[in-house]
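> Return a 3D structure for these sequence lines:
(4 chains)
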2 protein chains.
Amino acid sequence: MARPPLSKERVLRAAVALADDIGIEALSMRKLAQELGVVPMALYKHVTNKDELLDGMVDVIMAQIDPPAVGTDWKSAVRQRILSARQALLRHRWASQVIESRAAPTPAVMDYLDSMIGLFRTGGLSVDLTHHVMHAMGSRILGFSQELFDDSGPANPEEQAAAMSAMAQRYPYITEMAIAASHTDESVVGSGCDDQFEFEFALDILLDGIARLHRAAMAG
Amino acid sequence: MARPPLSKERVLRAAVALADDIGIEALSMRKLAQELGVVPMALYKHVTNKDELLDGMVDVIMAQIDPPAVGTDWKSAVRQRILSARQALLRHRWASQVIESRAAPTPAVMDYLDSMIGLFRTGGLSVDLTHHVMHAMGSRILGFSQELFDDSGPANPEEQAAAMSAMAQRYPYITEMAIAASHTDESVVGSGCDDQFEFEFALDILLDGIARLHRAAMAG
DNA sequence: ACCTGAACACCGTTCAAGT
DNA sequence: ACCTGAACACCGTTCAAGT
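Now for the predicted structure:
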């Protein structure tokens, strides 16, 4: 019966499996501990609290998404990657909900968004168009809503500058887009994007596409 | 200090206000009771449990959506209605999450979907195209995911027939679409729609729209 | 130093005792 | 018949007592 020693990885894998089994709303620290044959407090050696557990579970799921294809046009690369993400999220139906419920996006989610933006940018799309497109993707296409950024924290300027350059290192495309958006926008405060505009942009792509298909159906 | 007597409506309005204030995850029956100056068990006279409270809160929000415009083309009518729904959901940021978390869509949500489908159908779009379009709307555009139907319950045939005709009375457009989808589909079981197809349909409208805008930007 | 049982401050909801 | 306090079966997490 001697179980392998507890590790963060084993805790996270068990949590993912348990959430698949009993649903995310029924997942509790106590039940997870029981599943691992361990006293509840033992979990706190590997995750500082339940929020960190949920973050870790998200990262397990994100790791299942295939890396972007190389040597294809942007459209197929984006298409493949999104369909791969979809498979990962379908395997764990609670995943989208948990991703959206996190206070801040996890690094793995940031990586996914950054590399997705990178596919459009290296494909030649402008920063602005890419920005709109990322919004337009919406939660159904991207697998989760991209309204993940808090942009509320008014930390001191030094901290902010340090955070920004760390950010630029790690997530170059997200940073590029954030800078472009904040320059474009009149208001200096806030996330620097006009969400109403973004919403209507997505809506109109869809409505125009639908109208086009409708006309084609009438003509055919 | 004499508060007006408790009623379902007053309970629901207080719950909506409290959720706006403290967030949906912090909303509890006990806190809601305290807010209303009432013992926790008093709430159970007006809602049978917390799930029914959440359903009721959803209906309060749905009631804030403007009815469809009359005498305009389908495209503007759809556009206006969606933007109105967006305003209602933005006023209560927890609303989308709660709508998606419900086991079954509430009648008010069904009404919204049915009248949205009605706008496309009376605008002349085919049942099939309308079906794809509703899927394509995605949660960002529609305000919440439309994957709301359980389609698991294999009730007895009589019950099912009775449920179907009640459904057709109340939600004519939803019913029409459901019937068309189940005829089109090879597999008789299940919801009768190929979700992978629907996902790719939405994805391709978006990608084609993006490619078109990109070409226009290059040419201009 | 590490581990863990008991305890604390919460939940939603049942149930029996009070009016 | 109605109302409600206490109780039950849960939570996540703190903390002090045990090794």
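> which ones are touching A:Asp208?
Residues near A:Asp208 by Cβ atoms under 8 Å, 6 or more residues apart in numbering or on different chains: B:Gly209. Bear in mind the C-beta positions are built from the backbone N, C-alpha and C, glycine included.
> try 10 Å
When contacts are counted by Cβ atoms under 10 Å, 6 or more residues apart in numbering or on different chains, A:Asp208 touches B:Lys75, B:Ile205, B:Asp208, B:Gly209, B:Arg212, B:Leu213.
> The second one - how many residues pack around it?
By the criterion of other Cβ atoms under 10 Å in any protein chain shown, B:Ile205 has 21 neighbours.
> Could you do the fifth one as well?
Burial of B:Arg212, expressed as a neighbour count using other Cβ under 10 Å, amounts to 14.
> The helix or strand hosting it versus helix A:195-219: what angle between them?
Taking DSSP states H and E as the definition, one finds B:Arg212 inside helix B:195-219. Interaxial angle of helix B:195-219 relative to helix A:195-219 (axes from the mean of the first three to the mean of the last three Cα atoms, to 10 degrees): 100 degrees.
> List the buried residues for helix B:195-219?
B:198-203, B:205-210, B:213-214 (16 or more other Cβ atoms under 10 Å in any protein chain shown).
> Reduced to three states, what does A:Lys47 come out as?
One thing to correct before we go on: residue A:47 is Val, not Lys. coil (DSSP: H, G, I helix; E, B strand; the rest coil).
> Just read off the phi/psi values of it.
phi -130, psi 140 (degrees, to the nearest 10).
> Need phi/psi at A:Ile99.
phi -60, psi -40.
> Check the burial of it by counting its neighbours.
A:Ile99, neighbours per other Cβ under 10 Å, totals 26.
> quick one: it and DNA strand C, what's the gap?
Look at A:Ile99 and DNA strand C: by Cβ to the nearest atom of the strand, to the nearest Å, they are 24 Å apart.
> That residue reaches A:Val60, doesn't it?
No. With contacts counted by Cβ atoms under 10 Å, A:Ile99 stays clear of A:Val60, the gap being 11.9 Å.
> Find residues that contact each of those two.
A:Ala108.
> Tell me which helix or strand the residue most central in space within chain A sits in.
Centroid-nearest residue in chain A: A:Val109, 3.9 Å away (criterion: Cα atoms, centre = their mean). In the assignment (DSSP H and E), A:Val109 maps to helix A:107-122.
> Likewise for A:Arg86?
helix A:74-91.
> A:Ala69 too?
Using DSSP H and E, no helix or strand contains A:Ala69.
> can you tell me which residues contact it?
A:Ser76, A:Ala77, A:Val78, A:Arg79, A:Gln80, A:Arg81, A:Ser84, A:Leu119 are the contacts of A:Ala69 under Cβ under 10 Å, 6+ apart.
> Tally up the residues packed near the fifth one, please.
Here the count is done by other Cβ under 10 Å, and A:Gln80 has 15 residues near it.
> pLDDT score for the spatially closest residue to it that is not a sequence neighbour?
Among residues not flanking A:Gln80 along the chain, A:Ala69 sits closest, at 5.2 Å (Cβ to Cβ, 6 or more residues apart in numbering or on different chains). Note for A:Ala69: predicted pLDDT of 94.
> What parts of chain A come near DNA strand D?
By Cβ under 7 Å from any atom of the strand, the part of chain A that sits against DNA strand D consists of A:Leu27, A:Ser28, A:Met29, A:Arg30, A:Lys31, A:Pro40, A:Met41, A:Tyr44, A:Asn49, A:Lys50, A:Asp51.
> Tabulate the residues you listed in a markdown table, adding columns for secondary structure and neighbour count.
Below are those laid out as a markdown table (DSSP: H, G, I helix; E, B strand; the rest coil; neighbours: other Cβ atoms under 10 Å in any protein chain shown):
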| residue | secondary structure | neighbour count |
| --- | --- | --- |
| A:Leu27 | coil | 23 |
| A:Ser28 | coil | 13 |
| A:Met29 | helix | 16 |
| A:Arg30 | helix | 11 |
| A:Lys31 | helix | 15 |
| A:Pro40 | helix | 13 |
| A:Met41 | helix | 9 |
| A:Tyr44 | helix | 14 |
| A:Asn49 | coil | 10 |
| A:Lys50 | helix | 15 |
| A:Asp51 | helix | 12 |
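> related to what we said a few turns ago, A:Ser115 versus the residue nearest to the centre of chain A, what's the distance?
Counting by Cβ to Cβ, to the nearest Å, the gap from A:Val109 to A:Ser115 is 11 Å.
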